[in-house]
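> Pasting the sequence and the predicted coordinates here, then a few questions.
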Amino acid sequence: DQQVKQNSPSLSVQEGRISILNCDYTNSMFDYFLWYKKYPAEGPTFLISISSIKDKNEDGRFTVFLNKSAKHLSLHIVPSQPGDSAVYFCAASESASKLTFGTGTRLQVTL
Amino acid sequence: NAGVTQTPKFRVLKTGQSMTLLCAQDMNHEYMYWYRQDPGMGLRLIHYSVGEGTTAKGEVPDGYNVSRLKKQNFLLGLESAAPSQTSVYFCASTPLYGTQETQYFGPGTRLLVL
């Protein structure tokens, strides 16, 4: 049973526009959420996170929004750049030692 | 400071063969993890360790064994490889008192079981 879901396997956005990646979860015990970015032939790298006590966290061009009542989070990238083309994984945690990952969304930023 | 390294980078096995994947980290991290990544399945936790000499099962542990004899190393073993174990395997580590965001990943090992 997939506790963290990313329903869009791929997304294509023009350079300079906003990219919005979505993630849904079912486990109400999750209290910390993260986004990881993965380039081909590399391991995932941490991008941005949010605690369940917040509804928004911003870091430069990246903003994560959390809607606890809907069990939904989203990652906004503004403006999108070609170097943002990668696979993005949503992850959630209910303890400090384990993460549950979503299936990933492949973002392609076109010129 | 190499971070998290994995060997080998790529391996082809025949069904029934055994092998060991090695993960090493030089950051003195307490926690270490093995994940597998499959198309449409994301990253799934196989086994993890919260310290030297300890191991625990993750989401998909069947067919795998692990050992953490030294703090810096976490070994993943396949005793009798099956085609269903064809995947990309990632190791990760995190410090004892770090937040969840400080999970550092290795570059991955691509395994093909024929």
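Looks like it arrived, so ask away.
> Distance of whatever residue of chain A ends up closest to chain B relative to A:Lys37?
Of all residues in chain A, A:Gly43 sits closest to chain B, at 3.2 Å by Cβ to the nearest Cβ. No exception for glycine: its C-beta is placed from N, CA and C like everyone else's. Using Cβ to Cβ, to the nearest Å, A:Gly43 is found at 10 Å from A:Lys37.
> same thing with A:Leu47?
For A:Leu47, the distance to A:Lys37 (Cβ to Cβ) stands at 5 Å.
> what does B:Arg110 give?
Using Cβ to Cβ, B:Arg110 is found at 19 Å from A:Lys37.
> Between those two, which is the more surrounded one?
A:Lys37 (18 against 15; other Cβ atoms under 10 Å in any protein chain shown).
> Might one say that A:Val109 is in contact with A:Val13?
Yes. In terms of Cβ atoms under 8 Å, A:Val109 counts as a neighbour of A:Val13; the distance is 5.5 Å.
> Please work out how many residues are found near whichever residue of chain B sits closest to chain A.
Of all residues in chain B, the one sitting closest to chain A is B:Phe105 (3.2 Å; Cβ to the nearest Cβ). Neighbourhood size, B:Phe105 [other Cβ under 10 Å]: 22.
> Name the nearest residue to it, ignoring sequence neighbours.
Excluding the flanking residues, the one nearest B:Phe105 by Cβ to Cβ, 6 or more residues apart in numbering or on different chains is A:Gly43, at 3.2 Å.
> Hmm, B:Gln103 and that neighbour touching each other?
No. Counting by Cβ under 8 Å, A:Gly43 does not reach B:Gln103; the two are 10.0 Å apart.
> coming back round to it: Validate this expectation: the residue nearest to B:Phe105 resides in a strand.
No. Going by DSSP: H, G, I helix; E, B strand; the rest coil, the assignment for A:Gly43 is coil, not a strand.
> At the contact with chain B, which residues of chain A appear?
The interface of chain A toward chain B, taken as Cβ under 8 Å from any Cβ of the partner chain, is made up of A:4, A:6, A:9, A:32, A:34, A:41-46, A:49, A:89, A:91, A:93, A:96-104.
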